[in-house]
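Engineer: Dropping a prediction and its sequence here:
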Amino acid sequence: MPDAKVPRTERGRRTLRKLLDASAIEFGEKGFHEASVSSITRRAGIALGSFYTYFDSKDALFRALVLDMSDNVRTSARAALREDMSALETERAALCAFLDFASENKEVYRIIDEAEFVDPASYRTHYETVAERIGQRLHKGVEAGEFRAGLDEVEAWAVMGMNVFVGLRFAIWGKETDALSHDEVAGRVNRLLESGVARHDEPSARDTL
């Protein structure tokens, strides 16, 4: 976390965590420009002067928060995966974990979206990193013979795009009347992947014409 002054003690690390958690709420509710350092420190329950022990500015805190949220998205997905999963099962589990994470941390969408204007480099890095992870999973599926050959950056970004907007609808804009669970939503997306990227050894009727 390059924008944070890394604490050397466990107490310092807990304080840093409090600042990040409080800033997620503050930025999520008010946006970057309306949020204030004094309000963030009050939410965190620490003295205003202590803020500058960890960050030089509100901008530095925001950049650190975007990176922290990106890491949390990665961690939540990784925790849901097992080595014995097939390539398609892996994608389903990763999306379901993301939906769960986003529904419990709804501020993530506003903060990441605002980063496009507050700190474009962090915004771009977030999505490039997510796409790279998806690309690695797709490549692993190709190597295992479960996905068709030739999948690359285009397909990785396409899968990420689906996941982002499915998350917006079912995690952020979720309704009490929604009939599908997150796992069922992920399963429906998985069907699209199965038709679009899974390996099919049998030629279709169109291929034989």
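Structural biologist: Now that the structure is in, tell me what you want to look at. As the structure is a prediction and not an experimental result, all values here were calculated from the model.
Engineer: ok, Ala171 touching Leu99?
Structural biologist: Yes: counting by C-beta atoms under 8 Å, Ala171 touches Leu99, with 4.8 Å between them. Every residue, glycine included, has its C-beta placed from N, CA and C.
Engineer: Need the residues touching each of these two.
Structural biologist: Common neighbours of Ala171 and Leu99, counting by C-beta atoms under 8 Å, 6 or more residues apart in numbering, are His182.
Engineer: Low-confidence bits of this structure, can you list those?
Structural biologist: Within the chain, the stretches with pLDDT under 70 are 1-4, 200-209.
Engineer: So for it, the centremost residue is which one?
Structural biologist: Computing the C-alpha centroid of the chain and ranking residues by C-alpha atoms, centre = their mean puts Val73 first, at 3.7 Å.
Engineer: Pull the distance from whichever helix or strand it is part of to the chain's centre.
Structural biologist: Per DSSP states H and E: Val73 is located in helix 58-79. What separates the centre of helix 58-79 from the centre of its chain is 8 Å, taken as C-alpha atoms, centre = their mean, to the nearest Å.
Engineer: Which residues belonging to that helix are considered buried?
Structural biologist: By neighbour count on 16 or more other C-beta atoms under 10 Å, the buried set for helix 58-79 is 58, 60-70, 73, 76-77.
Engineer: What lies in contact with it?
Structural biologist: Contacts of helix 58-79 from elsewhere in the structure, counted by C-beta under 8 Å, 6+ apart, are 1, 3-4, 19-20, 23-24, 27, 32, 35-37, 40, 51, 55, 93-94, 97-98, 100-101, 105, 108, 111-112, 115, 118-119, 122-123, 125-126, 129-130, 133.
Engineer: Could you do stretch 136-143 as well?
Structural biologist: 87-88, 90-91, 94, 147-152, 155-156, 159, 197.
Engineer: What would that stretch look like as PDB? C-alpha coordinates only.
Structural biologist: Output of stretch 136-143 as PDB, limited to C-alpha atoms (Å, rounded to 0.1, in the frame of the first residue of the first chain):
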ATOM      1  CA  GLN A 136      -4.900 -16.300 -15.800                       C
ATOM      2  CA  ARG A 137      -7.900 -18.500 -14.900                       C
ATOM      3  CA  LEU A 138      -9.000 -18.700 -18.600                       C
ATOM      4  CA  HIS A 139      -5.500 -19.700 -19.600                       C
ATOM      5  CA  LYS A 140      -5.500 -22.400 -16.900                       C
ATOM      6  CA  GLY A 141      -8.800 -23.700 -18.300                       C
ATOM      7  CA  VAL A 142      -7.300 -23.800 -21.800                       C
ATOM      8  CA  GLU A 143      -4.200 -25.700 -20.600                       C
END
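Engineer: which helix is the longest one in the chain?
Structural biologist: Criterion DSSP state H: the longest helix present in the chain is helix 120-143.
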